[in-house]
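> Predicted coordinates and the sequence they were generated for:
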Amino acid sequence: VISGRPLSLENVEDHFDALLYGWLLGQETGYAVADLLSGKAVPSGKMPVTVPRNVGQIPAFYNHKPTARRGYAFADASPLYAFGHGLSYTRFEFGNVSLSKDTISPDGNTTASITVTNTGEYKADEVVQLYIRDDVSSVTRPVLELKGFERITLAPGASKTVEFTITPEHLQFFNRDMKRVVEAGTFTIMLGNSSQSLKHTKLTVVK
């Protein structure tokens, strides 16, 4: 698929073993596609947008508010392809998320880490993504927000622990007075390889 925007593919994907989404590529398109389809290169791209199942879900985006549900009545409102989604010729296994400190002050830092293992047969890249949700806040906040990502390369059987430092900038938002604040409460820290494939843990902020 070569396209500048998400297409309605729900009735298309059932007819194929896989879809290669190329967006708007340049003069090297032919070589890149040939390398991927022949196995010379291993796919590692991730969806930069949410691909809806049908036009009734438009606009579709991963960082919606908790009460938002776009879709036809009784229809599946989940995306066809989630933001951050992308397959590979190998498989990656994600361990549990751990925090260096699970309780911090509003101006404090902590480090979130997760171990990723290549359990498949090919050397490949994976993009580890960090998402955060403010569980309870004075203004409505998205169900999750991308706050960081890191691309890693792993040989078959190899593992790597990926770390993200979480600072006040990752947790703050504009309150009703239009001031950036970090409010006390709990935050869900999520690590994984797409906005719908995540491991969770809790961070508590106390004053």
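The structure has been received and is ready for your questions.
> Please report the distance of the closest residue to Ala155 other than its chain neighbours from Ala32.
With sequence-adjacent residues excluded and distances taken as Cβ to Cβ, 6 or more residues apart in numbering, Ala155 is closest to Lys123, at 4.7 Å. C-beta here means a position set from N, CA and C on the backbone, and glycine is covered the same way. Taking Cβ to Cβ, to the nearest Å as the measure, Lys123 and Ala32 are separated by 18 Å.
> same deal with Thr119?
Applying Cβ to Cβ, the value for Thr119 to Ala32 is 26 Å.
> one step back: wouldn't the residue nearest to Ala155 be in contact with Ala41 here?
No - using Cβ atoms under 8 Å as the test, Lys123 is too far from Ala41 to be in contact (10.7 Å).
> Lys40: neighbour count?
9 (other Cβ atoms under 10 Å).
> list the contacts for it?
Lys40 makes contact with Ala34, according to Cβ atoms under 8 Å, 6 or more residues apart in numbering.
> One more pass at 10 Å, please.
Taking Cβ atoms under 10 Å, 6 or more residues apart in numbering, we find Lys40 in contact with Tyr31, Ala34.
> Then Ser100?
Residues counted as contacts of Ser100 (Cβ under 10 Å, 6+ apart) are Asn109, Thr110, Thr111, Ala112, Ser113, Glu163, Thr165, Ile166.
> Which SSE is immediately downstream of the lengthiest helix in the chain?
Scanning the chain for the longest helix, with DSSP state H as the assignment, gives helix 29-38. For helix 29-38, the succeeding helix or strand toward the C-terminus, using DSSP states H and E, is strand 92-94.
> what packs against that following strand?
Applying 3 or more Cβ pairs under 10 Å, 6 or more residues apart in numbering; DSSP states H and E, we find strand 92-94 packed against strand 110-118, strand 124-134, strand 159-166, strand 185-194, strand 197-205.
> Would you tell me which of those gets closest to Gly26?
strand 124-134 (20.4 Å; Cβ to Cβ).
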